[in-house]
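1. predicted model and sequence below, questions to follow.
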Amino acid sequence: MSSLSRELVFLILQFLDEEKFKETVHKLEQESGFFFNMKYFEDEVQNGNWDDVEKYLSGFTKVDDNRYSMKIFFEIRKQKYLEALDKHDRSKAVEILVKDLKVFASFNEELFKEITQLLTLENFRENEQLSKYGDTKSARAIMLVELKKLIEANPLFRDKLQFPNLKNSRLRTLINQSLNWQHQLCKNPRPNPDIKTLFVDHSCGQPNGARAPSPANNPLLGPLPKAGGFPPLGAHGPFQPTPGPGPVPTPLAGWMSNPPAVAHPSVSGSAIGLGGPSIPAALKHPRTPPTNPTLDFPSADSDHMSKRTRTMGINEEVNLPINVLPVSFPGHSSSHTQAFNAPDDLPKTVARTLNQGSSPMSMDFHPIQQTLLLVGTNVGDIGLWEVGSRDKLVLRNFKVWDLGACSMPMQAALVKDPGVSVNRVIWSPDGSLFGVAYSRHIVQIYSYHGGDDVRQHLEIDAHIGGVNDLAFSHPNKQLCVITCGDDKTIKVWDAATGARQYTFEGHDAPVYSVCPHYKENIQFIFSTALDGKIKAWLYDNMGSRVDYEAPGRWCTTMAYSADGTRLFSCGTSKDGESHIVEWNESEGAVKRTYIGFRKRSLGVVQFDTTKNRFLAAGDDFSIKYWDMDNTQLLMSVDADGGLPASPRIRFNKDGALLAVSSNENGIKILANSDGLRLLRTFENLSYDAASRTPEASKPAINPISAAAAAAAATSAGLAERVGSVGSISGVNGDTRNMPDVKPRITEESNDKSKIWKLTEISESSQCRSLKLPENMRVTKISRLIYTNSGNAILALASNAIHLLWKWQRNERNSSGKATAAISPQLWQPSSGILMTNDVADMNPEESVSCFALSKNDSYVMSASGGKISLFNMMTFKTMTTFMAPPPAATFLAFHPQDNNIIAIGMDDNTIQIYNVRVDEVKSKLKGHSKRITGLAFSHVLNVLVSSGADSQICVWSSDGWEKQKAKYLQLPPGRTTAAQSDTRVQFHHDQIHFLVVHETQLAIYETSKLECVKQWVQRESSAPISHATFSCDSQLIYACFLDATVCVFTASHLRLRCRINPSVYLSPSVLSNLNVHPMVIAAHPQEPNQFALGLSDGVVHVFEPLESEGKWGVPPPAENGSTSNVAASSPVGGSGSEQGAR
């Protein structure tokens, strides 16, 4: 039904109500399903007209649509049953039990038995849960309160509880307007026409009997002067409109015949039962029919929906009108989050050749230590390689840990044929565990403690036959293992205990692969089977939501791009035909098919994704690469020959390395320039991490402690020599904190015979610095950031104007990245407009400025005391504004997994969790006593850390937004700070520790315990800290001070290593002005040794060390003589606390 037809139904409903056609009104409401009349529903329930109640509901939902619908029908039928028992009408009660309540037995058999037992009681109030049941009237009233909550929470009713805000007799008014218009067209209009019918167009009689042309058939008519109008046809009072929420976007709409919806916070989540109304736990995720209009999958009514629901959202970055496409800077693809030159940056150089001893079947790089490769082979062996040093750290042959605990079919299968192959190896998201799926029944989970310390954690007899795939996921904040197998099932296991949580049945063939993911906080699993079927499952017992055919059928795997926004599948048929396709998730259809496979592949093709831009597959004795946005083959690499027909492949986290299986049990490591640089750091170095790894107990497997254990293990091993090149992956997707970081050599070991000396830089010749072209319209730089691509710097001045400096790609700057060697262009679009924030009625110089940049650099969200603005970075146009003060925004941060969600710090001391798509504040967090000055998300721990001008730090769950911990900053004894002193927070690359910046100190905190593990305190007589930031690899901290000094610290132990004096970058005339100092400092997203300063006089400077030096100073010795990672640092108060010596 079209949008106008839908609106016509509302006009007819209003007319029928005004004319008192009561029964017809409610019949049309039910048959159209457009408006749920809550008042009528309440009256029918109060009167006990149960048949009419259910008949009316049937126009909007069925019993099994979702958990809310099931609960609504259950409560109604339970009440009807109890009323029959109360009247001692046993036959009626039995009839209700058999006809109405038995449908719920399949979901909760025990409950149905308990309901049945009520028949044996003289008075059902003898049941403890029903002891407080009063009379019929009060029971119905109590039930109605809960029913209203359930209806309001049910997504099927979400856009049907409000009647449009119409003026009285709107249909009559439209008819009058039409008649007036028709009368205006009459050649001889009569002053008081007599209207006798609406069935044909009106026309006043003419002398020759001709009629005026119908207005509907004369589109060229312009506006005409109004003639004498017709009197109104009469009016009655309209329905009273009530506000209601907009539709809930669902990520699997289109894929699902019954997509899930988001739970309503005010409704109880407990199971259905005899007592107070509640929601069945077994129905954790509701389902909605495909007719439910959503923003992701527009229905025929989407035009109408858009009029009532704010449609501007951020999907990948921002959902904008169709004619406004995201664009990026010249020389960089608009579709990609990284500046990436194909094919130069693809790993195609053979850098290492390893011999595993048996044929590799599956490989996976560690999510943090990106040169650590896990391998599973065709004879069941597990290998762990440090590919940089070519050392095989671990080799484990297949062995059942506890044969007695295995099932008899498993034991019999091993006796019959002891041969076992590895089907899949994979690391957990934080790298503290890895899982191995075998071709016989079992899965083994190991815990990893750094170096060669691998320990048995869990052995699960998972499936009858082979276990074909394995994955890790985090549903309900709990790390789980997902497996699939030859027995046609998918199972979910607790990663800590091995307890089975879910079994998904529905495939008609062995399940070949699983792909867990989540969007908009909805967790789901895709699965593929050997018959080519793709199904999707929620973590509930409601069955599959999808049944699709995979191109290629037979062996198909699925994978998302690193940022979680694009879905791909790769399949090989029994005839050897291979396909890689991209899916349109909103429609469940193939979006594009990539070309370039051998006509008859000689094996099952494996594929992988990298950089949010490239696909790779092993086919035809080579590795083939595609650009995600181009179906044509980009290039093919044979890796110097020696590859099997369909080689196994796996990228590391940042895409710099690619592991490829080769003939004769070999593995080739292909690298790009960054990968080669990373591997060179291991040349001539023996790997001795195991000897330095502190003995650690078996970790409790939860997102916080497991990640902390991995970080601690890493610190004692490779982290001492190689900077963290990537960040810990979230369960799905990357974030702003995981850029394409260029690897670099971390601190070389200190020769204790040499006396360490602080590097002082006092002259401009001692480093490279560049003053960016000035803009005379600004006075003070309030905020500063590099774009994610690294080719531009964005500044927000105190007068609400944004400045954008862009480096061009040319002969002198082949990468096009920001550099101190070449001056950039102060960029503006051809229109000449500026990105200027709304400033309300206040002086912007006195307000707090803040901004946040989208991951693809296309949009910036910004505020300067007024409304928050969303700007297009290419056109500088204001896309929208929202949230007018008071309160005013003081800090902005995008949610790492859902760019529609923004955390907004306010000057009223609260944090608002705002959904851009539906223009709604989802939560308001209260805990600070002064304005919010810092926000940072951890996608590993699923927390938000906030800081305020009250010097307090709070940790909030980003799932339910509850406050987990809070602590005040440890100020030096006797020190007082300014009344509104800013405290900033920023997460370390490990996503477990974070940096706290205050005018008195720098500190490193561990998040789960909110403990300060390192602290550097500025001397009382010295200038306060104005700002500080981690380098892109978190190995350094850059800090600027109010005396215009810049200091560089080694992050692992917060020791000063280099000091840059003001004379390096300020002219003598500026130096004499004591008011000029750095306001903010920003680090380049890929170059660890580059940073930029924004000054109080509106100038921005970029700094890099001399090319001959390559780094800022020499790392100082740590307190214990080693450069330990922050996770192993000393607590504050001991050697961990250091008085600033600037």
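-> Received, thanks. Remember, it's a predicted structure, so these values are computed and weren't measured experimentally.
2. in the stretch 551-700 of the chain, which spans are helices?
-> Secondary structure of the stretch 551-700 of the chain by DSSP state H, counting those that start in this stretch: the helices cover 673-680, 689-692.
3. going by mean pLDDT, which of these comes out lowest?
-> When the helices of the stretch 551-700 of the chain are compared by mean pLDDT, helix 689-692 comes last with a mean of 38.
4. so who does Arg768 touch?
-> Arg768 sits next to Ala820, Ala821, Phe1103, Glu1104, Pro1105, Leu1106, Glu1107 when contact means Cβ atoms under 8 Å, 6 or more residues apart in numbering. Yep, even glycine has a C-beta here, placed from its N, CA and C like the rest.
5. so which of the residues you listed is surrounded by the most neighbours?
-> Using other Cβ atoms under 10 Å as the neighbour test, these are led by Phe1103, with 24 neighbours.
6. let me see the contact set for it.
-> Cys767, Arg768, Ser769, Leu770, Ala820, Val1046, Ile1060, Tyr1065, Gln1090, Phe1091, Ala1092, Leu1093.
7. ok, now Val1080?
-> Counting by Cβ under 8 Å, 6+ apart, Val1080 makes contact with Ile781, Ser782, Arg783, Leu784, Ser1026, His1027, Cys1040, Leu1093, Gly1094.
8. which phi and psi does the last one have?
-> Put plainly, it is Gly1094. phi -110, psi 130 (degrees, to the nearest 10).
9. and the next helix or strand past the helix or strand hosting Cys515?
-> If you go by DSSP states H and E, Cys515 is part of strand 511-519. Using DSSP H and E, the next helix or strand after strand 511-519 towards the C-terminus is strand 522-529.
10. helices or strands up against that next one?
-> Counting contacts by 3 or more Cβ pairs under 8 Å, 6 or more residues apart in numbering; DSSP states H and E, strand 522-529 packs against strand 511-519, strand 533-538, strand 555-560.
11. out of those, which is closest to Ala659?
-> Closest of the helices and strands packed on strand 522-529 to Ala659 is strand 555-560, at 15.8 Å (criterion: Cβ to Cβ).
12. picking up where we left off before, now the helices and strands packed on strand 522-529 as TSV including mean neighbour count?
-> Formatted as TSV, these follow (neighbours: other Cβ atoms under 10 Å):
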stretch	mean neighbour count
strand 511-519	24
strand 533-538	23
strand 555-560	22
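13. which members of the contacts of Phe1103 are classed as buried?
-> Among those, the ones that count as buried by 16 or more other Cβ atoms under 10 Å are Cys767, Arg768, Ser769, Leu770, Ala820, Val1046, Ile1060, Tyr1065, Gln1090, Phe1091, Ala1092, Leu1093.
14. and which of these is nearest Met363?
-> Nearest to Met363 out of those is Gln1090 (Cβ to Cβ; 33.7 Å).
15. Tyr786 versus that closest one, what's the distance?
-> According to Cβ to Cβ, to the nearest Å, Gln1090 and Tyr786 sit 9 Å apart.
16. overlap of the contact sets of the two?
-> Contacts common to Gln1090 and Tyr786, judged by Cβ under 8 Å, 6+ apart, are Ala818, Ala1083, His1084.
17. which one of the residues you listed sits in the busiest neighbourhood?
-> Within these, Ala818 tops the neighbour count with 28 neighbours, counted by other Cβ under 10 Å.
18. and the spatially closest residue to that residue that is not a sequence neighbour, what is it in contact with?
-> Counting by Cβ to Cβ, 6 or more residues apart in numbering, the nearest residue to Ala818 once its immediate chain neighbours are dropped is Trp807, at 5.2 Å. Listed by Cβ under 8 Å, 6+ apart, the contact set of Trp807 reads Asn791, Ala792, Asn813, Gly816, Lys817, Ala818, Thr819, Ile822, Pro824, Gln825.
19. which strand or helix spans the fifth one?
-> Secondary-structure element containing Lys817, defined by DSSP H and E: none, the residue being outside all helices and strands.
20. ok, now how distant is the spatially most central residue of the chain from Ala495?
-> By Cα atoms, centre = their mean, the chain has its centre lying nearest to Gln897, at 1.3 Å. Plainly put, Gln897 is 20 Å away from Ala495 if you go by Cβ to Cβ.
21. what's the answer for Asp508, then?
-> Distance of Asp508 to Ala495, given as Cβ to Cβ: 29 Å.
22. those two: which is more packed in?
-> Comparing Asp508 with Ala495 by other Cβ under 10 Å, the one with more neighbours is Ala495, at 25 against 9.
23. before we move on, back to that, give the other helices and strands that the strand holding Cys515 contacts.
-> Packing contacts for strand 511-519, counted by 3+ Cβ pairs under 8 Å, 6+ apart, involve strand 467-473, strand 480-485, strand 489-494, strand 522-529, strand 555-560.
24. direction included, what does the second one pair against?
-> For strand 480-485, the pairing partners within the sheet under DSSP bridges are strand 467-473 (antiparallel), strand 489-494 (antiparallel).
25. secondary structure class for Leu4?
-> Of the three states, Leu4 takes helix under DSSP: H, G, I helix; E, B strand; the rest coil.
26. what's the neighbour count on it?
-> Using other Cβ under 10 Å, Leu4 has 9 neighbouring residues.
27. swap in Leu634?
-> Counted with other Cβ under 10 Å, the neighbours of Leu634 add up to 18.
28. next one: Asp402
-> Residues lying near Asp402 (other Cβ under 10 Å) number 9.
29. can you lay out the strands paired with strand 480-485 as a markdown table showing mean neighbour count and distance to Pro155?
-> Output for the strands paired with strand 480-485, formatted as a markdown table (neighbours: other Cβ atoms under 10 Å; distance: least, Cβ to Cβ, whole Å):
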| stretch | mean neighbour count | distance to Pro155 |
| --- | --- | --- |
| strand 467-473 | 24 | 24 |
| strand 489-494 | 22 | 24 |
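30. quick one: Tyr560 from Leu567, how far?
-> Using Cβ to Cβ, one gets 6 Å for the distance from Tyr560 to Leu567.
31. of all the helices and strands packed on strand 522-529, which one comes closest to Ser869?
-> Evaluated with Cβ to Cβ, these place strand 511-519 nearest to Ser869, the distance being 26.4 Å.
32. who does that closest one pair up with?
-> If you go by DSSP bridges, strand 511-519 pairs up with strand 522-529 (antiparallel).
33. buried residues in the strand it pairs with, which are they?
-> By 16+ other Cβ under 10 Å, the buried positions in strand 522-529 come out as Ile522, Gln523, Phe524, Ile525, Phe526, Ser527, Thr528, Ala529.
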